[in-house]
Structure formats: C-alpha cells, structure tokens
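In: After the sequence you'll find the predicted model.
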Amino acid sequence: MRRIRFLAWAEVLHVIRDRATLAQVLVLPLAQLLILSNAATFEVRDVPTYVVDFDRSTASRGLVDRFAASGNFDIVGDSTSLDLANDELLRGRVTLVVTVPHDFERSLMRDRAAPIQLAVNAEKGSAAGVVQSYALRILSAYSAELGTTLRPTMANVRSASRDQPPMRGATRIEVTVRNRYNQTLNYKHYMVPGLLVALVTLIATLVSAQNIAREKELGTLEQLNVTPLTRGQFIAAKLLPFWVLGMLDLGIGLTAGWLIFDIPVRGSLVLLFGSAAVYLVVALAIGLWISTLVETQQQAMFVTFFIVNIYLLMSGLFTPIDSMSPWVQTVSLLNPVRHFVTISRALLVKGAGLQEIVQPLAILALFAVVTLALAIRQYSKRTA
Amino acid sequence: MMAFRTRSSALLGLLRKEAYHILRDRRTLIVITLIPIVQVVIFGYAIRTDVEHVRLAIVDPSPDSATLALRSRFGATDNFRIVGVVPRSADVDRLFQRGEAQEAIVFEPGFAARLGQGLPARVQIITDATEPNTGSAIQAYALQVIQEYEREINPAAGTIRIVPQVRTRFNPTRDSSNLFVPGLMAFVLTIISSLMTAISLTREKEMGTLETLLVSPLRPWHIIVGKVAPYLLIGFVSVIGVIVEARLVFNVPLRGSLALLLAEGLLFILVSLSLGILISARTSSQRVAMFGAMVGTMLPTMLLSGFIFPLESLPWPLQMVSFVVPARWFVTVARSIMLKGVGLTYLWRETLVLVVMALVLLTLSTRSFKERLE
C-alpha cells in the first residue's frame, strides 16, 4: 500500500510540474465544453427561406407572415421567379423555398383545400427533417386559424409550451402538447450532459495512454519493472491519480455547465459521481490497454484519438442511438461511452433514480472488471 | 546538367527514405488506412438523424371505441411502435427515464362519450424533448395522426387544409452518407496532409536529422517536396478510396465532374500541406506540433466546416472563425459537385478563396521554413 502511495504521489508531482499536462487536464476540458456546446449542435433556427408567392392574396401573405413570425425561419428573399429561387438553392444561400401557387386563396375558399410547395435543401443534412416538421406545424396551425376565421370549426392545436395562442371553437379533438424535460427546446441541455462524458473519456484514456507510453519511450518503465513493485501495484499507482483527475474534471465541467449554461441537475449527484467512478475504471483500462500496444507517445495519441473518436461518434452523444442502423445499435451496446451518456442524461435531465439507471450501470461495472483484467493481462505479457 | 542530375537523384533518395519511414511505422500506417474506411462506415450507418419507429406509450384510463380506434391508427403507421399502455400518466415518467418510451399519448377519461356529445375531447401529446429535434419531429408525427383521424370522423366540418407538397432537393432520401462523404474527404485530407506532415517534419527537427539534411546538397524546397510528396500521394489515394467506397457501399452520387472534384481536392491538399509545414516550422517538439495540428486544423475541420453540424446554428463569433477554415470552403465545393452537380459557374468564389489561401499559406510556410535555415 505504501509503495502504491509513493508512486501515485510521484505521478501527482509529475502532473503538477509538467505544465502541458496540467493545462491538458484543467484548461482543455473547459475550453472543450465551451466550444463544443456551441459548435456541436444540430439546433435549427433562422432557416434562410425564399418565398415565391404567385398568389399575392391575403391568405398567402398571412401564410408568409406566419413563417416570418415563427422565429424558426428567416425570409431572405422573395420574387415570382422559380428560376431565381432555384438559383438560390443551388448556390446554397437558402435552405427552404416556399412556393404558393396561383389561386391559392380561391381554392381554399372553393375547395377548402389548396396545395403549396416546400422545397427543402437536404444538402444541409439533419436540418432538412426538422425544417420540414417546423414548416408542417406552421401550416397546420395556420389552416386551423383560417378554419376559424373563414368558418368557426376545426381542430385546434393548443400548445402548452410554445407561444402559439390557444384557440377555441366548436372543437372535436383538443390536442395539447408538452415537451417533457426540455421545455424551451434548448439544445445545450441535451449536449452538455453528453459532453461531460466526452470530456472525462478523453482525459482518462488519452492521458493515461500517453503517460505510460512516455515512461516507455524514456526507458523509465524498465526501471520500474525491476523494482519490487508488483504489476498490480504499478497499475494501481499509475491509474489512481488519473482516476482522481477524471472525477475532478467531471466536477469542473458540471459546475461550468451549471453556471454558464444553466443545465438542469434533476437527479442525484451522488449517483452521477458514483457512476463516473465505475466508468472511469473502464476508460482508464482502455488507455492502459492502448499503451501496451504502442511504442511512442505519438502513436499513443494517434491510436487513442482514433478509438475515442469512434466511441464518441457511436455513443449517441451527437446523434440519437434510435436513429442509427439496427446493427449499429446492437454493436453500440458494447460501447461503454453509450451507457455513461445514457446515465448522465437520465440523471441530469430526466431526474432518474437508481432504479432507472441500474441496467446501464451494471453493464458498466461488468465492463470495468473485464477491461481492467484484460488490460492488466496484456500489460504483463508485454513486459514479462 | 550534372549538378541537376545529382540533385534530382538526391531528391529521389529523400523520397525513398521518406517512403520507407512511412511504411516502417506499421501502427500509424494502419491507422491512416483505417481512418477513411471506418469513418465512411460509421458516418453512413451511425451518424443519422432520421426518426422512425417512435416508441410510444399510451395512457388510456378508460378505453373506449374512440381511443381504441385512435390507438390502432398509431399502431398501423410505420412511424410508431406502441411499447406500453398504462392507466396513469404518472407512470410515463419512469418509461421516459429508462428510455423505454419517447412519446406518450394521454387520453382523458370518457373520450368517446365527449366526442359523441359534441364536446371537446382532450388528448395530450407528451414528448421526451431531451433531444429537441427528435422531440419536434415526433410531436409533428403524432399531431398528423390525430388530425387525420379527426378529419375522418368529421368529414363535413368545413375544415381548411393546406396541403404541403414537400420536395427534398439534392438528397431526396436524406441519406446521411451522401452528406458526410464530402466532409469526410476534407477530414481525411486534413489528418494526412496537416497532421502527418507537421509531425514528420518536427520529428526530423527533434532528432536533429533536419540539420543533416540542410547541410546536404539538397535545396530547401527539395526537402519540403521530399517530405511532403509521399503524404500528397497518400492523401490523393485515400480521397479516391473514400469516393469509391462511398459509391460501392452507400451509392453516394457523383453528379458533377470528377475531374473538377479531384482538382479541387488537390487544391485543398495543397492548403493543408502548407498548414502542416507552417505548424512544423513554428514548433519544436512532436508533441506540440501534434497538439497544434489537432487544435488548429482537425477540430475546426470537424466542427466549423459544416461537415457534421450545420453552420447556420453556430453563434456569430464561431461563424466568423469558420470563414478562415479551409475545410469550410472545400466541403461546400465538394458537396455542390457531388450532390448538386454544379460546376465552376457556381463555385468560382469558393475556389478563389481556396486559391488565395493556398498562395498565402505556401508563401508563409516556405518563408518561415527558410528562416529556420538561416
């Protein structure tokens, strides 16, 4: 035990002395959190929209006004030329073109129904789907409104969370909608709990892999191997300081997220840090395993970056697990990051308790045992 | 003439040495070759945002003919999968917290009876809006189902309908692979051209072998060409690899001219290589060079190029920064060529920006490299 303490203390001194590492551990997470939470977002707002209004009637102008007033669309141009609109799409300056045909108002009066065209620039990726659902919502609200003004009947959509005014009438089905857990649809509330996981993962895996690779490069690993220190003691002493650092980083990140972005903390923090304690063992063990595979710090960094990158992309941190191909969803069950992201969001955003996260937590614990055992075995083989 | 010949054979020698270096470092080589292949697969299959098979919970305290009819509507569409029917809406939270349900439809008791009496029958849609985009999308799906049902039971009510005809341009199936492949090319090229060049040049510096090269009859530009040419080749090969893989596995279209795409690719490689040289000239250790290359080129390429995340949603300071990120321009160009099939008429501005960037960076990097020599 004393040996572990000494070596761990040496490690702490190293970290404190080496400013690059210290910066990596303390400054990088904050910078990462600030930049990523702003940059890594699929949030859709101010969609540049072009209007081609052939009808120029009260009804069509009302429709355009609804788009402009919704806050999701930014009308950047209008004309009665489809060619101009198409050109803007090709140039990538607009994401949505709304085309209102001739006789829009007349068909509405006569047939109670009229078509309009929406051309979405799907080159913008995920935004296309959201743009479409925003546009559809405006259309259904507007047709409901027209229904009441032209003749007072029709389904009303009353929104509890959005600022659409409640509409009453001789309603048949009255729908209320509620956005649970994220009433303001704030993307940061979704991203930050996930980014905390990314942050902890990077630190734990990268720093531990790099650190051991450096000892290897410098030849000091050989020296440690001829001391009476056992492999288990060596690994415990090596990983312990980084385990503490990881917890510290989580604390820093969480505080920053809470202070700056006002992210919700609805569940128990004890559970969050408890889960992090288990998760960090997995992340550190993976770092240790990488360090046994490589010879130099450069390789350590490269391989870690590669592996962590895949882990993060497939963890549901950026895009929902539910949207992934079925086989990827199955494979991602083997991804520890996925389970901790799930736990972090469930605890922070949804206010879950132990009972709700027990399954991912159990999987993480299993991973911790398996990866640590594997990494230690691999490590002994390399050095024996 | 003789001098020229010895010099060019010296350059060949340097090229050969560099090739050996690259081939000998197996681990890095494996990572370099794996990155493009694995990334295409990941982005094609995993980075998607389509919402389907929404896990729906139903809260129906007193099932009756109307709620059952509406429930079967939800069950019949492909968009929904009913995962549970619970009597109280308080039970929904647990399902949400466990991730077992994403959305819940809550009927009020006596739903059919109220409908029969002509009273408003109330139904609530609760969505797990933790991820706002999914939240909005599944809410819209549910609204649609309910409104359709309402129109059916109530055909003559004089409802107004605006029928949207949606056309999804340039990528009708909204396949994410179509969108990511152009960005992926930029990403792979940045890793290979900027990161690897920066590291390999600083390594020579760190080991002191750059000095040896400098006192050899090689000209400075020989050294640069010798160090950089192998990476240019690797970069070019992996771009072609990405295009071929994307075509074979995901059927990603190439609507514009391949020649133009490759030419723009070369231009972008030139920009990235100059960045790599610049970074290596300004740093002295591999570690710092790697860090510089990651922060200075890789992260911006990933985050600020519109490759994964839409540029429009960035806050304005980051949008300003994105203008000086070369990948931003290349991603626009590559996407437009591949998906929209447009040519230089539409892309001359982006191309011009890349040309200017290449010229400026090339001048800067050769100059700072020369400075180190004197």
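Out: Structure's in. What do you need? Owing to the predicted nature of the structure, the values given are computational and were not obtained by experimental measurement.

In: Could you list the low-confidence segments of the stretch 51-200 of chain A?
Out: A:124-127, A:148-172 (pLDDT under 70).

In: all helices of it, in order?
Out: Using DSSP state H, counting those that start in this stretch, the helices found in the stretch 51-200 of chain A span residues A:58-69, A:82-91, A:104-111, A:127-150, A:187-202.

In: Of all those, which one is nearest chain B?
Out: Comparison of these against chain B by C-beta to the nearest C-beta identifies helix A:127-150 as nearest, at 4.0 Å. Quick note: C-beta positions are derived from backbone N, CA and C, even for glycine.

In: Name the residues of that closest one that come out as buried.
Out: Counting neighbours by 16 or more other C-beta atoms under 10 Å in any protein chain shown, one finds that the buried residues in helix A:127-150 are A:127-148, A:150.

In: Would it count as contacting chain B?
Out: Yes: Helix A:127-150 reaches chain B (C-beta under 8 Å from any C-beta of the partner chain) through A:127-130, A:132-137, A:139-140, A:142-144, A:146-147, A:150.

In: Just say helix, strand or coil for A:Thr41.
Out: Of the three states, A:Thr41 takes coil according to DSSP: H, G, I helix; E, B strand; the rest coil.

In: what's the closest residue to B:Ser322 other than its chain neighbours sitting at in phi/psi?
Out: Nearest non-adjacent residue to B:Ser322, counting by C-beta to C-beta, 6 or more residues apart in numbering or on different chains: B:Leu304, 4.2 Å away. Phi and psi for B:Leu304, reported as degrees, to the nearest 10, are phi -110, psi 20.

In: Which residues lie in contact with B:Leu304 in this structure?
Out: Counting by C-beta atoms under 8 Å, 6 or more residues apart in numbering or on different chains, B:Leu304 touches A:Ala39, B:Leu311, B:Leu314, B:Leu318, B:Val321, B:Ser322, B:Val325, B:Ala327, B:Arg328.

In: Which of those residues fall in helices?
Out: Those of the contacts of B:Leu304 mapping onto helices are A:Ala39, B:Leu318, B:Val321, B:Ser322, B:Ala327, B:Arg328, per DSSP state H.

In: If you rank those by neighbours, which is first?
Out: Using other C-beta atoms under 10 Å in any protein chain shown as the neighbour test, the ones in helices among the contacts of B:Leu304 are led by B:Ala327, with 28 neighbours.

In: how close does that residue get to A:Asn121?
Out: For B:Ala327, the distance to A:Asn121 (C-beta to C-beta, to the nearest Å) stands at 20 Å.

In: Tell me, how many residues neighbour residue 76?
Out: Since you didn't name a chain, this refers to chain A. A:Val76 has 16 neighbours, counted by other C-beta under 10 Å.

In: you looked at the wrong chain, it should be chain B
Out: By other C-beta under 10 Å, the residues close to B:Ala76 number 10.

In: measure it to chain A for me?
Out: Shown here: B:Ala76 relative to chain A, a distance of 18 Å by C-beta to the nearest C-beta, to the nearest Å.

In: Next up, phi/psi of that residue, please.
Out: Backbone torsions of B:Ala76, given as degrees, to the nearest 10, read phi -80, psi -30.

In: A:Val308 versus that one, what's the distance?
Out: In this view, B:Ala76 and A:Val308 are 43 Å apart by C-beta to C-beta.

In: what do you get for B:Leu299?
Out: Taking C-beta to C-beta as the measure, B:Leu299 falls 13 Å from A:Val308.

In: Could you do A:Ala236 as well?
Out: Applying C-beta to C-beta, the value for A:Ala236 to A:Val308 is 23 Å.

In: quick one, strands of chain A?
Out: Applying DSSP state E to chain A gives strands spanning A:47-53, A:73-79, A:96-100, A:113-121, A:156-159, A:173-180.

In: Deepest-packed of the ones you listed, please.
Out: Greatest average neighbour count among these goes to strand A:96-100 (a mean of 24), per mean count of other C-beta atoms under 10 Å in any protein chain shown.

In: For it, which strands pair with it and how are they oriented?
Out: According to DSSP bridges, strand A:96-100 forms sheet pairs with strand A:47-53 (parallel), strand A:113-121 (antiparallel).

In: what's the domain layout of chain B?
Out: Using automatic domain parsing, the domain parsing of chain B gives B:27-47+B:175-373, B:54-153.

In: quick one: which of these is nearest A:Tyr379?
Out: Evaluated with C-beta to C-beta, those place domain B:27-47+B:175-373 nearest to A:Tyr379, the distance being 17.3 Å.

In: Quick one: mean pLDDT over the closest one.
Out: What domain B:27-47+B:175-373 shows for mean pLDDT is 83.

In: how far does it sit from the chain's center?
Out: Put simply, domain B:27-47+B:175-373 sits 14 Å off its chain's centre (C-alpha atoms, centre = their mean, to the nearest Å).

In: now do stretch A:334-345
Out: That offset, for stretch A:334-345, works out to 12 Å (C-alpha atoms, centre = their mean).

In: touching chain B at all, that stretch?
Out: Yes: counting by C-beta under 8 Å from any C-beta, chain B is contacted by stretch A:334-345 at A:Thr342, A:Arg345.

In: Just give the closest residue to residue 136, not the sequence neighbours.
Out: Picking chain A for this. Distances taken as C-beta to C-beta, 6+ apart put B:Ala140 closest to A:Leu136, at 5.5 Å, once the chain neighbours are dropped.

In: I was after chain B.
Out: A:Ser133 is the one closest to B:Ser136 (C-beta to C-beta, 6+ apart), at 5.3 Å.

In: I'd assumed B:Ala140 was in contact with that neighbour.
Out: Yes: in terms of C-beta atoms under 8 Å, A:Ser133 counts as a neighbour of B:Ala140; the distance is 4.0 Å.

In: Find the nearest non-adjacent residue to residue 201, please.
Out: This is for chain A. Among residues not flanking A:Thr201 along the chain, A:Ala283 sits closest, at 5.2 Å (C-beta to C-beta, 6+ apart).

In: Chain B, not that one
Out: Nearest one to B:Leu201, counting by C-beta to C-beta, 6+ apart, is B:Ser280 at 3.6 Å.
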